[in-house]
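1. Here is a sequence with its predicted model. Questions after.
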Amino acid sequence: MSSTVPKSSNIFWHDCLVGKTDRQKLLNQKGCVVWITGLSGSGKSTLACTLGRELHTRGKLAYVLDGDNLRHGLNKDLGFKAEDRAENIRRVGKCLTNIDKKGQT
């Protein structure tokens with residue numbers, strides 16, 4: 001996606017005082033990302049929610065980022081053309097990278 005709005009040069013990444021290791025110790029777990037892919041209607045959301053419930057039952061904190069749900073917010077401006085699908089994957093990947101860097105599942 002291209003934009004005619006110029007990019008700001010005054011944007012910096014900020015790390016907080018509580019890092020990944022601190023969160024892992026607090027939660028007594030190490031984070032990881034499980035990305036489930038497949039055809040539409042193949043059961044990805046059902047599997048992800050079942051896994052999320054099982055992790056919760058075992059006392060683990062987990063987040064499920066469902067692709068359909070993300071298209072209601074973060075990716076609501078995207079369609080299903082090849083370039084939109086690529087942008088969808090890029091955005092979701094960035095979110096997952098940030099979650100993983102925080103030591104969460």
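-> Alright, I've got the coordinates.

2. Any buried residues in the helix or strand of the chain with the lowest mean pLDDT, and which?
-> Among the helical and strand segments of the chain, the one scoring lowest on mean pLDDT, DSSP states H and E is helix 20-27, with a mean of 87. Residues of helix 20-27 classed as buried under the neighbour-count rule (16 or more other Cβ atoms under 10 Å) are Arg23. Every C-beta, even on glycine, is put in place using the N, C-alpha and C of the backbone.

3. what ranges of the protein fall below the confidence cut-off?
-> Low-confidence segments of the chain, defined by pLDDT under 70, span residues 1-3, 105.

4. ranges for the helices of it?
-> In chain order, the chain shows helices spanning 20-27, 44-57, 67-70, 82-101, with DSSP state H as the criterion.

5. Any chance of those in CSV with distance to Val34 as columns?
-> Putting those into CSV (distance: least, Cβ to Cβ, whole Å) gives the following:
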stretch, distance to Val34
helix 20-27, 17
helix 44-57, 7
helix 67-70, 14
helix 82-101, 10
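
6. Minimum distance to Lys7: which of those helices has it?
-> Taking Cβ to Cβ as the criterion, helix 82-101 is the member of the helices of the chain that comes nearest to Lys7, at 16.2 Å.

7. other SSEs contacting the closest one?
-> With contacts defined as 3 or more Cβ pairs under 8 Å, 6 or more residues apart in numbering; DSSP states H and E, helix 82-101 has these neighbours: helix 67-70.
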